[in-house]
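In: need a 3D model of the sequence below.
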Amino acid sequence: MVAGRRSHAYVRAVYLGPATDARDLVALIRRGIHFGSYGSVDDGAAVFGRLADAAKLAEEAGFDAISVPDHVHQNRVGGGPASPMFEAYTVLGALATVTSSAALLALVSPVTMRAPGLLAKAVTTLDVISGGRAVLGVGAGWDVAEHEAYGIGFPGLGERFDRLDEELAICREMFTSEQATFTGKFYAMRDAYNAPRPVRGSIPVLVAGGGEKRTLDLVARYGDAGNVFAGDPDSVRHKFDVLAGHCERAGRDPAEITKTVFAFDTSDLAALAASARSLASAGADGMIVVGPQDPAAIGPIGAVLAGAFPG
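Out: Okay, here's the model as predicted:
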């Protein structure tokens, strides 16, 4: 079983600096950008060149987190499976060399894609390369088509959540202990080293999704951040209230957890500004937006989010 896990408040304080109590902790993400598509044309190295340029523009525009998909196929919305798709942690490591301040994460790694110990090693490697900017983003997964294409097992939803619970426990142990030992229903580890160690003593965790029974419970028990879809303010406020209930049962202060919302449409800046302000009033600490097709729009979008989520 897991032994010696440090408190979430300790982990957040190590990552973000000392704090007098949970309410003084700085939000993990206020203005995030997700590069969910790399276009529909495979023109070799130019695909990464465009992504690197966009990531640099995002930092200049004040985005404090940059995320990429953890998929092996592009989904239909992003252009379909023949479109370019990078392996997540390889490309994040490359982005670490062309950025200097933004947190870096996959949004998100499906529990089915890697063994938990390998995932912890990949994220820790990214953390070291980036000088302590890695975030572990995880979820239960959804894209059955890419799993079938690549021969990756895709169990039912209940089992995926059970596996995710064990994965999160293993990753916390790998991040915070000299050696990790764990025995569960699906995974077992014994005296596993994770060297080099995370730069700031641990790596923060973001659990994505708004499922009220399982997902938000995992956010409460393991997360430093939770990310839900940006619906109307009342529905988002309800999700955060449910999260607070899970936190109470887990013995955590909800203020320890950064609450972000995920937005797809950034084409109308006035509408985005109004939505961001209303969601901030509903309790969101930050917003993650899908990167626009036109890189020139990154700056104006960043300015809108800075108005709603300053700091």
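In: burial of the closest residue in space to Ala192 that isn't next to it in sequence, as a residue count?
Out: The spatially closest residue to Ala192, leaving aside those adjacent along the chain, is Ala180, at 4.5 Å (CB to CB, 6 or more residues apart in numbering). C-betas here are computed from N, CA, C, even on glycine. By other CB atoms under 10 Å, 25 other residues sit near Ala180.
In: go on, Asp53?
Out: 13.
In: quick revisit: tell me if I am right that the residue nearest to Ala192 is in a strand.
Out: Yes - remark: Ala180 belongs to a strand, assigned using DSSP: H, G, I helix; E, B strand; the rest coil.
In: quick one: it and Gly137, what's the gap?
Out: Distance of Ala180 to Gly137, given as CB to CB, to the nearest Å: 20 Å.
In: repeat that for Gly311.
Out: Here the criterion is CB to CB. By it, Gly311 lies 21 Å from Gly137.
In: what of Leu279?
Out: Counting by CB to CB, the separation of Leu279 from Gly137 is 20 Å.
In: let's see the pLDDT reported for His147.
Out: pLDDT for His147: 95.
In: quick revisit: got a list of what the residue nearest to Ala192 touches?
Out: Gly117, Ala120, Ile170, Glu173, Met174, Met189, Asp191, Ala192, Tyr193, Asn194 (CB atoms under 8 Å, 6 or more residues apart in numbering).
In: can I get the residues you listed in TSV including neighbour count?
Out: Formatted as TSV, the contacts of Ala180 follow (neighbours: other CB atoms under 10 Å):
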residue	neighbour count
Gly117	20
Ala120	25
Ile170	24
Glu173	24
Met174	26
Met189	18
Asp191	8
Ala192	17
Tyr193	11
Asn194	21
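In: of all those, which two lie farthest apart?
Out: Comparing every pair within the contacts of Ala180 by CB to CB identifies Ala120 and Asp191 as the most remote, at 14.3 Å.
In: just the helices from this protein, written as ranges.
Out: 8-16, 45-60, 88-96, 116-130, 144-150, 157-176, 215-222, 233-250, 269-281, 298-308 (DSSP state H).
In: in the third one, which residues are buried?
Out: Spelled out, it's helix 88-96. Ala88, Tyr89, Val91, Leu92, Gly93, Ala94, Leu95, Ala96 (16 or more other CB atoms under 10 Å).
In: what's it in contact with?
Out: Applying CB under 8 Å, 6+ apart, the set of residues contacting helix 88-96 is 48, 51-52, 55, 66, 68-71, 104-106, 109, 122-123, 125-126, 129-131, 133-134.
In: for it, what is the distance to the chain centroid?
Out: 14 Å (CA atoms, centre = their mean, to the nearest Å).
In: using PDB, list the CA coordinates for it.
Out: Provided in PDB are the C-alpha atoms of helix 88-96 (Å, rounded to 0.1, in the frame of the first residue of the first chain):
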ATOM      1  CA  ALA A  88       2.700  14.000 -26.000                       C
ATOM      2  CA  TYR A  89       5.700  13.900 -23.700                       C
ATOM      3  CA  THR A  90       8.200  13.900 -26.500                       C
ATOM      4  CA  VAL A  91       6.700  17.100 -27.900                       C
ATOM      5  CA  LEU A  92       6.300  18.700 -24.400                       C
ATOM      6  CA  GLY A  93      10.000  18.100 -23.800                       C
ATOM      7  CA  ALA A  94      10.800  19.900 -27.000                       C
ATOM      8  CA  LEU A  95       8.500  22.700 -26.100                       C
ATOM      9  CA  ALA A  96      10.400  23.000 -22.800                       C
END
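In: my guess is Asp224 contacts Thr260. True?
Out: No - Asp224 is beyond contact range of Thr260, at 11.1 Å (criterion: CB atoms under 8 Å).
In: intersection of neighbour lists for these two?
Out: By CB under 8 Å, 6+ apart, the residues touching both Asp224 and Thr260 are Leu206.
In: can you report how many residues neighbour the residue lying closest to Pro292 once chain neighbours are set aside?
Out: The shortest distance from Pro292 to any non-neighbouring residue, by CB to CB, 6+ apart, is to Thr266 (5.7 Å). Neighbours of Thr266 under the rule other CB under 10 Å: 21.
In: could I get the pLDDT score of Thr266?
Out: 96.
In: what sits against the residue nearest to the spatial centre of the chain?
Out: In the chain, the residue lying closest to the centroid (CA atoms, centre = their mean) is Gly137, at 3.2 Å. If you count contacts by CB under 8 Å, 6+ apart, Gly137 has them with Ser67, Asp70, Leu105, Ala106, Leu107, Val108, Ser109, Val205, Leu206, Val207, Ala208, Asn227.
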